[in-house]
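# Next come a sequence and a model predicted from it.
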Amino acid sequence: GYRASRGTFPVYEDQAYTNRLGEAKVGALFALLRDRVVDERRTRRSVAGADIDVARFEAQMVAIGVQRRAVDAYQAWVAAGLRLRAYRDLLDLAERRRGAIGRLVTLGARPEILLTENDQNLVRRRALVVRAEQDIATAANTLSLYLRDDAGAPLLVSPDRLPADTSALAGVAPTGSSAAAVTRPDYRAILTRIDQSTARLMLAENDLSPRLDLRGEVGKDVGPVGLGGPNRTPLEAAVGFRFSVPLQNRAAKGRVAEARAEIDALAQRSRFLRDQIAIEVEGIVIAVGATERLAGIAEEERSLADRLAVAERRRFELGSGDFFLVNQREETATDARVRLIDAQARIASARAELAAATADRVALGLDR
């Protein structure tokens, strides 16, 4: 600092005099006990920084949840479209067969009741198509919440954009890490809260500590000798200590107890969440494995049902097959195809759930 004096002072304020150009002084204060490691200013800055981290973790958790629901909505739309395609193929078989049966009935080669039975199958299959169209319209409406145009408005996707095959039901490819809790934003948010409480505890304990400060300063008067005399000119140095002990500091003791209780509660919560995440991930992994095995069985069933339907249709065209059995084989093959689609959709949903449970942002498409 700098100071300069003018005029006269009483003898008991002799230290107020300086030389004509004033006095320059440099000093330093060192806290040896209280406020040495932590103080209120540093603690507030640390807690505020942790609040920013918690807000970021909460935003990440919301993003993961939204992305997981978006993946589910897309997979549901794809599955509904594939089911509609399967039922339309089934209806197309009956419509194409009607013309052939009509010609045979006209020629007298087949009874007219056969045409009526085929019309009955047509009505039943049209009903399946209508229900499937309703399902895909509902799925597209749900998907529009997550699919937006350039202006940010919900975009209702048309069935024309359906993928050509079931490869779109492969879903995401999560890693299924066993250390899922470490990467989960909600778990990291709790750990950050523990750090905040620890900082508050350290500050409260600091307030209970005695204060021991070391202070040193160096001063030098410059310029002509002033009214205080020539004894101002030499370099001055001073070193001092200040020691104080807080008594009956109940507020700080209360803050210590509060911080410790908060740390204990957050520690219990973090332990429970860590175990919950581990069990949740293990359960999803088991579900994914079981669903994949069921999908393999459904694929085998669909292949066999298709072979039986083709063979029975060929027998009927050659005149040796039973019309009822032909329809039964075709509908069984379509049911097997739909079950395979449903199984693949469940696999995709389980994989998306696993990616969300492990906070796999790459698998969910949040990090490129």
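The structure has been received and is ready for your questions.
# just checking, G1 touches T18?
No - using C-beta atoms under 8 Å, G1 is not in contact with T18, being 11.9 Å away. All C-beta atoms are positioned from the backbone trio N, CA, C, and that covers glycine.
# Which residue of these two possesses the greater neighbour count?
The residue with more neighbours, out of G1 and T18, is T18; 22 against 9, by other C-beta atoms under 10 Å.
# A strand includes the more buried one, no?
No - secondary structure of T18 (DSSP: H, G, I helix; E, B strand; the rest coil): coil, not part of a strand.
# Any idea how many residues pack against the residue lying closest to it once chain neighbours are set aside?
Distances taken as C-beta to C-beta, 6 or more residues apart in numbering place S5 nearest to T18, at 4.6 Å, with adjacent residues excluded. Using other C-beta under 10 Å, S5 is surrounded by 20 other residues.
# please begin residue numbering at 54 from this point
From this message on, residue numbering opens at 54, which makes the last subject S58.
# Quick check, central residue of this structure?
The centre of the chain sits closest to I117, judged by C-alpha atoms, centre = their mean, with a distance of 2.5 Å.
# Output the contacting helices and strands for the helix or strand containing R368.
Per DSSP states H and E, R368 falls inside helix 303-370. Of the remaining helices and strands, those touching helix 303-370 by 3 or more C-beta pairs under 8 Å, 6 or more residues apart in numbering; DSSP states H and E are helix 233-236, helix 238-261, helix 376-410.
# angle of that helix against helix 376-410?
160 degrees (axes from the mean of the first three to the mean of the last three C-alpha atoms, to 10 degrees).
# what sits against the residue nearest to the centre of the chain?
Applying C-beta atoms under 8 Å, 6 or more residues apart in numbering to I117 gives the contacts 238, 409, 412, 414, 417, 419.
# same thing but at 6 Å, please
Listed by C-beta atoms under 6 Å, 6 or more residues apart in numbering, the contact set of I117 reads A409.
# so is it in a helix, a strand, or just coil?
Under three-state DSSP, I117 comes out as helix.
# Quick one: low-confidence residue ranges for the stretch 204-353 of the chain.
Scanning the stretch 204-353 of the chain for pLDDT under 70 picks out the ranges 224, 228-234, 281, 284-285.
# Kindly recompute the last result at 80.
Applying pLDDT under 80 to the stretch 204-353 of the chain picks out residues 217-235, 276-287, 300-301.
# tell me the domain ranges of this structure?
Listed by automatic domain parsing, the domain ranges of the chain are 54-81+264-297, 85-263+298-410.
# which of the ones you listed sits most buried?
Across those, the average number of neighbours (mean count of other C-beta atoms under 10 Å) peaks for domain 85-263+298-410, which reaches a mean of 16.
# quick one: the helices in the stretch 54-203 of the chain?
Remark: helices assigned in the stretch 54-203 of the chain by DSSP state H, counting those that start in this stretch are 93-160, 165-196.
# how about those in JSON lines, adding distance to G279?
Below are these laid out as JSON lines (distance: least, C-beta to C-beta, whole Å):
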{"stretch": "helix 93-160", "distance to G279": "39"}
{"stretch": "helix 165-196", "distance to G279": "86"}
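# what's the closest non-adjacent residue to D260?
The spatial neighbour of D260 that comes closest, neighbours along the chain excluded (C-beta to C-beta, 6+ apart), is A305 at 3.9 Å.
# Same check on P299?
Nearest residue to P299 in three dimensions, chain neighbours excluded: L261, at 6.5 Å (C-beta to C-beta, 6+ apart).
# And that neighbour, how far from N302?
6 Å (C-beta to C-beta, to the nearest Å).
# do L208 as well
In terms of C-beta to C-beta, L208 sits 63 Å off from N302.
# Please apply the same query to G272.
Applying C-beta to C-beta to G272 and N302 gives a distance of 36 Å.
# again, but for R355
77 Å.
# tell me the contacts of Q397?
Neighbours of Q397 in contact, by C-beta under 6 Å, 6+ apart: 219, 222, 348.
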